[in-house]
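In: whatever this is, show me its structure:
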Amino acid sequence: MEPTTDFNPAYLANSLLRRRRQGALATLTAGSGDPYCSLVNVASHADGSPILLISQLAVHTRNILADGRVSLMLDERTAGDPLEGARIMLAGQAEEANSGDIEILRRRYLNAHPSAEAFADFKDFSFFRIRPAGVHLVAGFGRIVDLKPEQFLTDISDAASLIETEQEAIDHMNADHREAMNLYATRLLGADPADWRCTGFDPDGIDMAADGKTVRLDFPRRIVTPSALRQMLKQLAEQARAAAND
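Out: This next block holds a predicted model:
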């Protein structure tokens, strides 16, 4: 089925990866190869690929360690008929974090799920990253599209300095600029007033959360350095304050 022309499938797939915090994880049962599905909490890497924190005691973890092929479904969770909302079925390879990437997986996951800090360092828990092989997007009639990773993941090849200083920027915004965060959410995105906090930055936008809800504010242009991020946040704050005064 060919998609209609009034939507951007790559953008929608990336948005779901950024905004959704729970998903259905399908693995292959160790030994038999039978399908097994479980509910998991999810965060996103700077490039948008999914991050998991799972226990070695869980069936899905044992399955992954035997065969890393997985599928993850994330959905829009809109009101009304759930089948009318957008959803993606991401296929890929789940890989346990190594010494080179555990720091970024840990901090991005805990920014998205702060309560997990209570058990994240337990010996039986490990961080995993799903390396996508592709996504099947269903967004309604005439909107069914298969995408390759390069179509929906964010390019971070030139954003090393931004990623290295991400936590510093998050902490600064949450400590000193909560008013601006609330303006971003309410005036630029139309979200309800709440104690909005920043959970992540990447070259394409800001992720925010409050009271179990998540929103995504896209940048009008791509940014890859800390100085560009500061300028962008100032620009967005000015826009939000102007909107508040209208």
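
In: sketch out the low-pLDDT regions of the chain for me.
Out: Residue ranges of the chain with pLDDT under 70: 1-6.

In: longest strand in it, by residue count?
Out: Ordering each strand of the chain by length in residues (DSSP state E) puts strand 125-138 first.

In: what's that strand packed up against?
Out: Other elements packing on strand 125-138 under the criterion 3 or more C-beta pairs under 8 Å, 6 or more residues apart in numbering; DSSP states H and E are helix 9-19, strand 50-55, strand 87-96, helix 102-112, strand 144-147, helix 149-152. All C-beta atoms are positioned from the backbone trio N, CA, C, and that covers glycine.

In: out of these, which gets nearest to residue 158?
Out: helix 149-152 (15.0 Å; C-beta to C-beta).

In: who's in contact with the closest one?
Out: 9, 10, 13, 14, 17, 48, 132, 133, 134, 135 (C-beta atoms under 8 Å, 6 or more residues apart in numbering).

In: can I get the helix or strand just after that helix as PDB, trimmed to CA atoms?
Out: Next in sequence after helix 149-152, counting helices and strands by DSSP states H and E, comes helix 160-164. Output of helix 160-164 as PDB, limited to C-alpha atoms (Å, rounded to 0.1, in the frame of the first residue of the first chain):
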ATOM      1  CA  ALA A 160      30.200  14.300  19.600                       C
ATOM      2  CA  SER A 161      30.700  17.500  21.500                       C
ATOM      3  CA  LEU A 162      26.900  17.900  22.000                       C
ATOM      4  CA  ILE A 163      26.500  14.400  23.200                       C
ATOM      5  CA  GLU A 164      29.500  14.700  25.600                       C
END
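
In: what does helix 160-164 contact?
Out: Applying C-beta under 8 Å, 6+ apart, the set of residues contacting helix 160-164 is 46, 104, 156, 201, 202, 203, 223, 224, 225, 226, 228, 229.

In: give me the buried subset of the residues you listed.
Out: With burial judged by 16 or more other C-beta atoms under 10 Å, the buried subset of those is 46, 104, 156, 201, 202, 203, 223, 224, 226, 228, 229.

In: ok, so of those, who is nearest residue 118?
Out: Comparing these against residue 118 with C-beta to C-beta places residue 104 closest, at 20.5 Å.

In: contacting residues for that closest one?
Out: Contacts of residue 104 by C-beta under 8 Å, 6+ apart are 45, 46, 163.
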